[in-house]
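Peer 1: have a look; sequence and predicted model below, questions after that.
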Amino acid sequence: MSMIENWLQEQAAVFLALRGRVVASWQGVEMAVRGGDEGEPEYDVPCLQLLLLDAVMADGAVRVGTYQNDCYFGIWAEPARVARKTTRGCSAALPSTHPFE
């Protein structure tokens with residue numbers, strides 16, 4: 001099995017371990033979905049695209065991002081340390097009954 005295949009299996013295990021866990025809050029770094037005139041980003045599109053997402057649960061946090069190489073692309077996850085208060089980025093609370101499903 002190749003290195004990337006091993007890594008993909010590890011990532012699948014990380015995401016499966018999130019199943020049924022409750023997200024208490026989240027914060028992310030927003031990025032524009034497409035460029036506007038003269039290279040200016042446009043944030044008025046009908047979806048939210050995040051560069052990174054930190055999901056905070058009662059017993060820890062996980063950071064989710066995207067990756068791409070010549071053969072594969074998708075999302076990755078790793079344990080994260082997330083500050084409870086932030087002065088940058090976005091922060092919002094999800095309903096306490098919102099589990100990963």
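Peer 2: The structure has been received and is ready for your questions. No experiment lies behind these values; they were computed from the predicted model shown. Numbers count the residues shown, from 1 in each chain.
Peer 1: low-confidence ranges, this structure, go.
Peer 2: Residues of the chain meeting the criterion pLDDT under 70: 32-45, 82-101.
Peer 1: the same query, at a cut-off of 50, please.
Peer 2: Applying pLDDT under 50 to the chain flags the ranges 85-101.
Peer 1: what ranges does it have for its helices?
Peer 2: For the chain, the helices defined by DSSP state H cover 3-17.
Peer 1: residue ranges of the strands in this protein, please?
Peer 2: Ranges of strands in the chain, per DSSP state E, are 25-30, 34-35, 41-42, 50-57, 60-68, 73-79, 90-93.
Peer 1: quick check: which of those strands is nearest to Leu18?
Peer 2: Nearest of these to Leu18, taken as Cβ to Cβ: strand 60-68 at 6.6 Å. No exception for glycine: its C-beta is placed from N, CA and C like everyone else's.
Peer 1: re the thing from before, Serialize the strands of the chain to TSV and add fields for distance to Met1.
Peer 2: Compiled in TSV, those are given as follows (distance: least, Cβ to Cβ, whole Å):
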stretch	distance to Met1
strand 25-30	33
strand 34-35	37
strand 41-42	40
strand 50-57	28
strand 60-68	18
strand 73-79	17
strand 90-93	38
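Peer 1: just send those back as CSV, with mean neighbour count and distance to Leu16 too.
Peer 2: Below are these laid out as CSV (neighbours: other Cβ atoms under 10 Å; distance: least, Cβ to Cβ, whole Å):
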stretch, mean neighbour count, distance to Leu16
strand 25-30, 17, 20
strand 34-35, 9, 33
strand 41-42, 12, 34
strand 50-57, 18, 15
strand 60-68, 15, 12
strand 73-79, 12, 10
strand 90-93, 12, 25
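Peer 1: tell me which of those strands lies nearest to Gln11.
Peer 2: In terms of Cβ to Cβ, the element of those nearest to Gln11 is strand 73-79, at 5.6 Å.
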